[in-house]
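>>> Need coordinates for the following:
(one chain, ligands or ions: 2)
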Amino acid sequence: SGGREAMSYDVVVVGAGPAGLAAAIRLKQLCRDADTDLSVCVLEKGSEVGAHVLSGNVFEPRALDELIPKWRQEDTPIRVPVSSDKFWLLTKNKAWTLPSPFDNKGNYVISLSQMVRWMASKAEELGVEVYPGFAASEILYDENQIVTGVATNDVGIAKDGSKRETFQPGVELRGRMTLLAEGCRGSLSEKIIRNHKLRESGQGQHQTYALGIKEVWEIEEGKHKPGSVIHTVGWPLDSKTYGGSFMYHLDDRQLAIGLVVALNYQNPFMSPYDEFQKFKQHPAVRTILDGGTVLQYGARTLNEGGFQSIPNPVFPGGAIIGCSAGFLNVPKIKGTHTAMKSGMLAAEATFKTLVEGSSMELYWENLKKSWIWEELYRARNYRPAFEYGFIPGIALSALERYVFKGKSPFTLKHGIPDHEATDMASLHSPIQYPKPDGQISFDVPTSLYRSSTNHEHDQPPHLRLRDPTVPERVNLPLYAGPESHYCPARVYEYVTDEKGDQKLHINAQNCLHCKACDIKDPKQNIEWTVPEGGGGPGYTVM
Ligand SMILES: Cc1cc2nc3c(=O)[nH]c(=O)nc-3n(C[C@H](O)[C@H](O)[C@H](O)COP(=O)(O)OP(=O)(O)OC[C@H]3O[C@@H](n4cnc5c(N)ncnc54)[C@H](O)[C@@H]3O)c2cc1C
Ligand code: SF4
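Numbering: from 1, shown residues only. Ligands and ions are numbered 1, 2, ... in the order given. Sure thing, here's the model as predicted:
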């Protein structure tokens with residue numbers, strides 16, 4: 001394979017998120033207990049662990065209690081217990097308090113980006129090799145089509161394909177077992193799911209998604225209430241669009257604020273970024289932010305498919321863990337605890353397979369017996385109920401919660417896949433979003449600066465068009481170029497060329513790795529692939 005250097009491990013983990021790190025830690029614990037050893041490495045495409053991790057985050061410690069029972073006695077970034085839980089229905093100028101459907105007693109407000117850094121240090125203490133700046137771009141197979149690891153792409157290739165001075169060939173990381181922990185819409189995971197037909201052999205339905213846009217603010221002392229949790233629904237989203245906001249108070253006067261918009265929205269003119277800017281101008285929200293400053297900006301997709309969309313997570317040579325498989329609990333808006341637990345279950349099966357000659361089917365079997373399965377089963381009808389609109393959705397989900405308690409005799413199906421849900425532009429009119437005021441709402445360049453996103457400019461494009469004529473032939477004339485509206489980094493821009501024709505220009509170096517384009521493009525014409533390792537956002541408090 002092109003004279004690439006190869007390194008061999010017992011277990012190769014792709015992605016240093018909560019799933020990948022929990023798996024690595026659990027593996028080393030099992031080795032320690034059995035007085036044996038397995039070599040484990042974790043690859044991370046971010047320049048540092050946590051640099052690409054963006055979440056809410058209200059953390060449910062159930063999985064961590066199982067993984068590191070004494071974590072409360074350590075110095076961890078999990079230090080702000082939830083102190084209050086509010087739920088608002090927003091209309092344009094008012095906030096109506098509703099009973100909170102959440103039960104966050106015993107949970108914590110954290111920065112997940114910081115938590116994974118701590119987890120990585122725990123993993124390293126146990127002997128795990130963690131490699132930030134390594135982006136896995138290729139799956140390695142043996143002659144029997146069994147996965148034998150991954151490879152990183154060559155670094156230092158120019159846009160035109162020639163080698164730059166900085167050229168370095170990719171590296172092969174061979175593993176007796178490969179665990180894919182790439183998070184929501186993993187680029188290698190999606191390939192594996194397709195090639196091995198893992199959706200068909202799992203729960204059967206397609207995955208559905210939402211896009212979360214987030215900022216961390218430093219707000220005025222008097223307005224800051226550590227542990228305070230607020231969720232909102234309603235304005236500014238239209239009643240056909242599923243979504244809502246979150247405001248979580250951390251410590252040090254920090255406030256995590258974000259808007260989550262389901263990607264099966266219909267209006268191609270909709271811009272989740274601008275909806276978020278609008279949301280912050282709501283009188284009830286603005287008063288919290290006034291006088292504060294933004295520390296960081298970012299965006300990331302999350303799964304909403306839940307139980308119906310769980311794929312068979314086992315393939316020959318490895319398994320998929322965390323949000324790459326999709327274990328997020330939608331009514332809780334939490335996927336960290338389930339991502340960790342799935343990593344732990346896969347680690348236990350990996351250990352049994354490599355040391356005792358068992359098989360990875362054990363992971364799939366134990367997953368079905370675990371609390372992840374039970375949680376997601378109970379929650380299964382919540383999100384699809386909103387296919388019938390906001391009010392029926394609220395009614396049905398309340399019925400599920402208070403009457404059936406997850407035991408209803410039916411399982412609702414998801415609607416059409418997100419990319420098919422986009423309407424033709426002719427059915428809608430363009431949306432005029434208010435101009436940012438530079439105090440509460442900001443333009444994209446200002447926000448991008450706060451995401452610290454950066455890519456080597458001279459490299460082959462990591463956003464690939466399967467058919468380069470589709471943007472000008474289909475996306476622009478029929479759908480008003482939705483990628484120029486939904487991308488939270490304005491990577492996609494239609495610009496007029498010398499001939500007066502509108503052409504798609506891709507500013508790939510601004511990409512936030514949110515994966516929305518890979519999901520929402522109407523013709524699924526955009527493929528998100530990993531750029532050179534280390535490129536992308538530089539989150540520290542997300
Ligand atoms: C806006 C928002 C709010 C949320 N709020 C909450 C909440 O309040 N509570 C909660 O519990 N959950 C919440 N979640 C969900 C939670 O963030 C996820 O469930 C969780 O992060 C999933 O963990 P993971 O390890 O599977 O993936 P991730 O956390 O996404 O980590 C994946 C890692 O793999 C790396 N990676 C990906 N591909 C490659 C590759 N090919 N090569 C090398 N590295 C790679 C990524 O850079 C990343 O570091 C929220 C999510 C979002 C987007
Ligand atoms: S280019 Fe795609 S992955 Fe990158 S920020 Fe835009 S929508 Fe997200």
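>>> The residue of the stretch 101-250 of the chain found nearest ligand 2 - how many residues pack around it?
When scored by CB to the nearest ligand atom, the stretch 101-250 of the chain has Leu211 as its residue closest to ligand 2, at 8.0 Å. To be clear about C-beta, it is placed using only N, CA and C from the backbone, and glycine gets the same treatment. If you count neighbours by other CB atoms under 10 Å, Leu211 ends up with 28.
>>> now the helix or strand where it lies: mean pLDDT?
With the criterion set as DSSP states H and E, the secondary-structure element containing Leu211 is strand 209-218. When the per-residue pLDDT values of strand 209-218 are averaged, the result is 98.
>>> returning to what we had before: please name the residues that touch the residue of the stretch 101-250 of the chain closest to ligand 2.
The neighbourhood of Leu211, defined by CB atoms under 8 Å, 6 or more residues apart in numbering, consists of 260-261, 263, 272, 299-301, 486, 488, 514, 516.
>>> hmm, try it at 10 Å
Contacts of Leu211 were listed using CB atoms under 10 Å, 6 or more residues apart in numbering, and they are 184, 243, 259-263, 265, 272-273, 276, 299-302, 418, 486-488, 514-516, 519-520.
>>> Please apply the same query to Thr36.
Thr36 touches 30, 351, 354-355, counting by CB under 10 Å, 6+ apart.
>>> Bridged to the residue nearest to Val150 when sequence neighbours are not counted, which residues?
Nearest in space to Val150, with sequence neighbours left out and distances taken as CB to CB, 6 or more residues apart in numbering, is Ala136 at 4.0 Å. Ala136 has these beta-bridge partners by DSSP bridges: Thr152.
>>> Ala136 reaches Ala151, doesn't it?
Yes. Between Ala136 and Ala151 there is a contact under CB atoms under 10 Å: 7.2 Å.
>>> What is the burial count for the residue of the stretch 1-150 of the chain found nearest ligand 1?
Among residues of the stretch 1-150 of the chain, the one nearest ligand 1 by CB to the nearest ligand atom turns out to be Gly17. It sits 2.1 Å away. Residues contacting Gly17 under the criterion other CB under 10 Å number 35.
>>> For stretch 103-123, list the C-alpha coordinates in CSV.
Taking only C-alpha atoms (Å, rounded to 0.1, in the frame of the first residue of the first chain), the coordinates of stretch 103-123 have been written out as CSV:
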residue,chain,number,x,y,z
ASP,A,103,-35.5,15.0,35.0
ASN,A,104,-32.0,16.2,35.5
LYS,A,105,-31.6,15.5,39.2
GLY,A,106,-28.1,14.1,39.8
ASN,A,107,-26.8,15.3,36.5
TYR,A,108,-24.1,17.9,35.8
VAL,A,109,-23.5,20.8,33.5
ILE,A,110,-20.2,20.2,31.8
SER,A,111,-18.1,21.1,28.7
LEU,A,112,-17.7,17.8,26.9
SER,A,113,-14.7,19.1,25.1
GLN,A,114,-13.0,19.4,28.5
MET,A,115,-14.4,16.1,29.8
VAL,A,116,-12.8,14.1,26.9
ARG,A,117,-9.4,15.8,27.7
TRP,A,118,-9.7,14.4,31.2
MET,A,119,-10.8,11.0,29.9
ALA,A,120,-7.8,11.0,27.5
SER,A,121,-5.4,11.6,30.4
LYS,A,122,-7.1,8.7,32.3
ALA,A,123,-6.6,6.5,29.3
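>>> That stretch: how far from the chain's middle?
Distance of stretch 103-123 from the chain centroid (CA atoms, centre = their mean, to the nearest Å) equals 16 Å.
>>> and if you look at stretch 156-165?
For stretch 156-165, the distance between its averaged C-alpha position and the chain's averaged C-alpha position is 30 Å (CA atoms, centre = their mean).
>>> measure it end to end?
Here the two ends of stretch 156-165 are set 7 Å apart, with distance taken as CA to CA, to the nearest Å.
>>> what do you get for stretch 305-320?
Between the opening and closing residues of stretch 305-320 we find a distance of 16 Å, counting by CA to CA.
>>> one step back: I'd guessed the residue of the stretch 1-150 of the chain closest to ligand 1 sits against Val49; true?
Yes. The pair formed by Gly17 and Val49 meets the contact definition of CB under 10 Å, at 9.1 Å.
>>> Stretch 21-39 vs ligand 1: in contact?
No. For stretch 21-39 and ligand 1, the contact criterion (CB under 6 Å from any ligand atom) is not met; the two come no nearer than 7.5 Å.
>>> same question for that stretch, mean pLDDT?
Within the predicted structure, the mean pLDDT of stretch 21-39 is 98.
>>> Pull the contacting residues for Tyr479.
With CB under 10 Å, 6+ apart as the criterion, the residues that contact Tyr479 are 268-269, 422-426, 471, 485, 521-523.
>>> could you measure it against Tyr209, distance?
18 Å (CB to CB, to the nearest Å).
>>> any low-confidence regions in the protein?
By pLDDT under 70, the low-scoring segments of the chain are 1-2.
>>> Strands of the stretch 351-500 of the chain, start to end?
463-465, 492-496 (DSSP state E, counting those that start in this stretch).
>>> And those strands: which comes nearest ligand 2?
Among these, strand 463-465 sits nearest to ligand 2 (CB to the nearest ligand atom), with 5.5 Å.
>>> before we move on, the earlier item: what do Gly17 and Val49 both touch?
Between them, Gly17 and Val49 share the neighbouring residues 42, 113, 116, 119, with contact defined by CB under 10 Å, 6+ apart.
>>> from the stretch 201-350 of the chain, which residue is nearest to ligand 2?
Ala299 (6.4 Å).
>>> Was I right to think that residue contacts Pro537?
Yes. Ala299 is in contact with Pro537 according to CB under 10 Å; the separation is 8.8 Å.
>>> Between those two, which contacts overlap?
Looking at what touches both Ala299 and Pro537 (by CB under 10 Å, 6+ apart), the common residues are 54, 451, 489, 512-514.
>>> Can you name the two of the residues you listed that sit furthest apart?
Considering CB to CB, no two members of the shared contacts of Ala299 and Pro537 lie farther apart than Leu54 and Ala489, which are separated by 12.7 Å.
>>> out of those two, which sits in the more crowded spot?
Remark: of Leu54 and Ala489, Leu54 carries more neighbours, 31 against 26, as counted by other CB under 10 Å.
>>> how about the helices of the stretch 201-350 of the chain, start to end?
For the stretch 201-350 of the chain, the helices defined by DSSP state H, counting those that start in this stretch cover 272-280, 283-289, 336-356.
>>> Just list what the first one packs against, helices and strands only.
In this structure, helix 272-280 packs against strand 209-218, strand 243-249, strand 254-262, helix 283-289, strand 293-303, helix 444-451, helix 483-486, with contacts taken as 3 or more CB pairs under 10 Å, 6 or more residues apart in numbering; DSSP states H and E.
>>> centre of the chain versus it, how much separation?
Its chain's C-alpha centre and that of helix 272-280 lie 19 Å apart, by CA atoms, centre = their mean.
>>> Likewise for the last one?
On the basis of CA atoms, centre = their mean, helix 336-356 is displaced by 20 Å from the centre of the chain it belongs to.
>>> In it, which residues are buried?
When burial is assessed from 16 or more other CB atoms under 10 Å, helix 336-356 yields the following buried residues: 336-354.
>>> Surely Val128 touches Lys122?
Yes. In this structure, Val128 is within contact of Lys122 by CB under 10 Å, at 8.8 Å.
>>> Overlap of the contact sets of these two?
21, 24-25, 28.
>>> which of those tops the neighbour count?
Each of the shared contacts of Val128 and Lys122 was scored for neighbours by other CB under 10 Å, and Leu21 scores highest at 32 neighbours.
>>> could you measure that residue against Ala319, distance?
From Leu21 over to Ala319 the distance is 16 Å, taken as CB to CB.
>>> what does Thr76 give?
Distance from Thr76 to Ala319, counting by CB to CB: 28 Å.
>>> Also Pro132?
23 Å.
>>> same thing with Ser39?
Plainly put, Ser39 is 18 Å away from Ala319 if you go by CB to CB.
>>> Show me which of the two is the more surrounded one.
Between Ser39 and Ala319, counted using other CB under 10 Å, the more crowded position is Ala319 (31 against 18).
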